[in-house]
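**Student:** Return a 3D structure for these sequence lines:
(one chain, ligands or ions: 1)
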Amino acid sequence: MAATVAASQPLAAAGGRGLHPMQAQGLIAAAGGQQQYQQQQQQQHQGDEDEGGFELASRKLTLNDFHRVRTLGTGTFARVVLVRPAHGTEADRSKVYALKILRKTEVIKLKQIDHVRHERRILADVSGHPFITNFRGSFSDHDFLYILLDYIPGGELFTYLRKYRRFDEDMARFYAAEIVLVLEYLHEHQGGIAYRDMKPENLLLDAEGHIKLVDFGFAKRLGNNENDHPVETYTLCGTPEYLAPEVIHNKGHTTAVDWWALGILIYEFLTGYPPFWHQNPIEIYKQIVEKPVVFPQDPPISDAAKDIIRQLCTVDRSRRLGNISGGAAKVKAHPFFSGVDWDAVLERRERGPIIPPIRYPGDAQCFDIYPEEDAIRDEYTDAMAERYDDYFKDF
Ligand SMILES: Nc1ncnc2c1ncn2[C@@H]1O[C@H](COP(=O)(O)OP(=O)(O)OP(=O)(O)O)[C@@H](O)[C@H]1O
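**Tutor:** Just a heads-up that it's a prediction; the model follows:
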């Protein structure tokens, strides 16, 4: 699985990415539709809680409120486990959620305090979008921080891409269109949130085969300056193969990095591998800043696909599609997306090209098996608590 790189790790030390399976009509109408959709979804979300009796939002949760079923994934900073409510009616106890568990000492050691706080806050703010994992609550105890999310049963798009080797253009377009709507929403309707870690491992498939974006660990609300230009940020984070050149140069970056990553992602969908790759991450960075995207002869890639990839992967971000004037609307109007009904995409009218083989709501067969480790407790000392607990008070 591709390792995520954070500021606390030197970029050069990050592991390279293995290439094996290890592990709406009218553009303006569509944009308006996104906000409307979110409102509807939020009302729906509230409704779910009212019905359930297991009142997630109305009281402080603890780990004892859940039975752990199994680990779904482990990342650099977290373990995500499938859980069931331990109390409530039979209907409550049949529900399943994904609980992201972050060890406080690790968050502090890896200098991820700000990232974790942004993650919790941004997840709560963007929850309800059709292609973003719903946030259900957060809590903490002496040693850990917990983020409760809806369980997305289909597993990582990464796994399917490795299984299929590559996606045909219709499949790639389906997923890319959903990602375009997510980026439009984050960048243009949520006051300039840069996601900063777009990759197939962070795109899960729901039971209908639609994308759900997870892991907002590097997302940051950048906002716009007085000239209405996106504010720059400097933290080096992301995954080597997907880093935009301006991140590597460390001269400040904006939401434009997500459009670059979308270009890399479409390339990887169509060929099965990213355009810039090497075992040594330093070589990847060199390629990204020095080399143009080169397309293979086989599989043949359409001119429209090549063009959108080149336009998204434009080194000069002032000329990069998505970041130029017109923003996401220009991406949606690109010939690669011709024929796409953006309202239909947003409303999830079509089922996805891959329907995950889910037999029941808590089915976790689409996830790899991970060793279940006993949580190490009492590492977080009183001195640490005194110094850091204030930072974790939102949980
Ligand atoms: N809501 C969810 N439903 C099902 N599985 C999930 C969910 N959230 C996360 N996962 C699984 O857990 C994995 C790790 O989650 P996540 O990416 O949030 O952790 P992380 O430690 O921040 O990872 P990284 O090292 O990539 O930054 C995901 O790749 C996915 O497989």
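
**Student:** tell me the average confidence for whichever strand or helix holds residue 287?
**Tutor:** Element membership for residue 287 (DSSP states H and E) is helix 281-290. On average, the pLDDT along helix 281-290 is 95.

**Student:** Show me what it packs onto, helices and strands only.
**Tutor:** helix 245-249 (3 or more Cβ pairs under 8 Å, 6 or more residues apart in numbering; DSSP states H and E). To be clear about C-beta, it is placed using only N, CA and C from the backbone, and glycine gets the same treatment.

**Student:** to the chain's geometric centre, what's the distance from the helix it packs on?
**Tutor:** Between the mean C-alpha point of helix 245-249 and the mean C-alpha point of its chain there is a distance of 20 Å (Cα atoms, centre = their mean, to the nearest Å).

**Student:** Tell me the pLDDT of residue 76.
**Tutor:** Residue-level pLDDT assigned to residue 76 equals 73.

**Student:** correct me, but it touches residue 109?
**Tutor:** No - checked against Cβ atoms under 8 Å, the pair residue 76 and residue 109 is beyond contact range at 11.6 Å.

**Student:** Neighbour count for the two, which is higher?
**Tutor:** Legend: neighbour count by other Cβ atoms under 10 Å for residue 76 and residue 109, higher for residue 76 (15 against 11).

**Student:** and the more buried one, what helix or strand is that in?
**Tutor:** Per DSSP H and E: residue 76 is located in neither a helix nor a strand.

**Student:** any idea how far residue 374 is from it?
**Tutor:** As defined by Cβ to Cβ, to the nearest Å, residue 76 lies at a distance of 20 Å from residue 374.

**Student:** What parts of the stretch 1-150 of the chain come near the ligand?
**Tutor:** Those residues of the stretch 1-150 of the chain that sit near the ligand, judged by Cβ under 6 Å from any ligand atom, are 4, 72-73, 75-78, 80, 98, 100, 133, 149-150.

**Student:** now with 5 Å?
**Tutor:** Within the stretch 1-150 of the chain, the positions lying close to the ligand (Cβ under 5 Å from any ligand atom) are 4, 72-73, 75-78, 80, 98, 133, 149.

**Student:** could you dump the residues you listed to a markdown table with distance to residue 87 and secondary structure?
**Tutor:** Below are those laid out as a markdown table (distance: Cβ to Cβ, whole Å; DSSP: H, G, I helix; E, B strand; the rest coil):
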| residue | distance to residue 87 | secondary structure |
| --- | --- | --- |
| 4 | 35 | coil |
| 72 | 22 | strand |
| 73 | 26 | strand |
| 75 | 29 | coil |
| 76 | 32 | coil |
| 77 | 29 | coil |
| 78 | 25 | strand |
| 80 | 22 | strand |
| 98 | 19 | strand |
| 133 | 24 | coil |
| 149 | 19 | strand |
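
**Student:** my read: residue 75 touches residue 218, true?
**Tutor:** No - under the criterion of Cβ under 8 Å, residue 75 makes no contact with residue 218, lying 11.3 Å away.

**Student:** so where is the stretch 1-150 of the chain shaky, pLDDT-wise?
**Tutor:** For the stretch 1-150 of the chain, the stretches flagged by pLDDT under 70 are 1-59.

**Student:** swap the cut-off to 80 and go again
**Tutor:** Within the stretch 1-150 of the chain, the ranges that satisfy pLDDT under 80 run 1-59, 75-77.

**Student:** Helices of the stretch 201-350 of the chain, start to end?
**Tutor:** When secondary structure is read from DSSP state H, counting those that start in this stretch, the stretch 201-350 of the chain shows helices at 245-249, 256-271, 281-290, 303-312, 327-332, 342-346.

**Student:** Determine the set of other helices and strands touching the fifth one.
**Tutor:** What it means is helix 327-332. Counting by 3+ Cβ pairs under 8 Å, 6+ apart, the packing neighbours recorded for helix 327-332 are helix 27-52, helix 169-184.

**Student:** got it, and the longest one?
**Tutor:** Using 3+ Cβ pairs under 8 Å, 6+ apart as the contact definition, the elements that helix 256-271 packs against are helix 169-184, helix 245-249, helix 303-312.

**Student:** Not including adjacent chain positions, what is the nearest residue to residue 156?
**Tutor:** Here the nearest residue to residue 156 in space, its sequence neighbours aside, is residue 201; by Cβ to Cβ, 6 or more residues apart in numbering that works out to 5.3 Å.

**Student:** before we move on, what about residue 179?
**Tutor:** Spatial nearest neighbour of residue 179, chain neighbours left out: residue 262 (6.0 Å); criterion: Cβ to Cβ, 6+ apart.

**Student:** doesn't residue 176 make contact with the one you found?
**Tutor:** Yes - using Cβ under 8 Å, residue 262 and residue 176 qualify as a contacting pair, with a distance of 6.9 Å.

**Student:** And the residues of the stretch 1-150 of the chain next to the ligand, which of them are buried?
**Tutor:** Buried subset of those (neighbour count, 16 or more other Cβ atoms under 10 Å): 4, 72-73, 75, 77-78, 80, 98, 133, 149.

**Student:** ok, those vs residue 361, which is closest?
**Tutor:** When those are compared for distance to residue 361 (Cβ to Cβ), residue 98 comes out closest, at 12.2 Å.

**Student:** so what's the closest one bridging to?
**Tutor:** residue 82, residue 149 (DSSP bridges).

**Student:** isn't residue 379 right next to residue 142, touching?
**Tutor:** No - with contact taken as Cβ under 8 Å, residue 379 and residue 142 are classed as non-touching, separated by 9.6 Å.
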